[in-house]
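Q: Provided below are the primary sequence and the corresponding predicted coordinates.
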Amino acid sequence: MEHKRLVVALAVVCLLIGSAYAVAKLIPASVDGSKCIGCGECVDQCPAGAVSIGDDGTAVVDKEKCTGCGKCAKSCPVSAISTE
């Protein structure tokens, strides 16, 4: 009986984590080009490799790669990136 409860608890945790990931994928990071100074901090902090510096010198987010973790937004010194 104890193992059954553990399996159910793990299943619930997996569902919650999966749901949070799915929601984050629905809201990828976005860049306000008028604020971005092209410092590259966001590029260094993105664990998914979803952020790069574009031809115009500002950050660009690859929406397909972005997991919505928010590390890029936290690292931006001018608050040019948002995950909302």
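A: Right, received. Where do you want to start? Numbering: from 1, shown residues only.
Q: show me where the chain has its strands.
A: For the chain, the strands defined by DSSP state E occupy 30-31, 51-53, 59-61, 81-82.
Q: now find how far off-centre the third one is within its chain.
A: Offset of strand 59-61 from its chain centre (Cα atoms, centre = their mean, to the nearest Å): 12 Å.
Q: most packed of the strands of the chain?
A: The highest mean neighbour count among these, using mean count of other Cβ atoms under 10 Å, belongs to strand 59-61: a mean of 22. The way it works is simple: take the backbone N, C-alpha and C, and place the C-beta from them, glycine included.
Q: same list, the strands of the chain, but as a markdown table with mean pLDDT and distance to Gly40 please.
A: Output for the strands of the chain, formatted as a markdown table (pLDDT from 0 to 100; distance: least, Cβ to Cβ, whole Å):
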| stretch | mean pLDDT | distance to Gly40 |
| --- | --- | --- |
| strand 30-31 | 94 | 12 |
| strand 51-53 | 97 | 6 |
| strand 59-61 | 96 | 8 |
| strand 81-82 | 94 | 12 |
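Q: my guess is Cys46 contacts Gly70, does it?
A: No - at 10.2 Å, Cys46 does not count as touching Gly70 under the criterion of Cβ atoms under 8 Å.
Q: neighbour count: those two, which is higher?
A: Cys46 (23 against 16; other Cβ atoms under 10 Å).
Q: that one and Leu10, how far apart?
A: Applying Cβ to Cβ, to the nearest Å, the value for Cys46 to Leu10 is 30 Å.
Q: could you do Ala73 as well?
A: Taking Cβ to Cβ, one finds Ala73 at 31 Å from Leu10.
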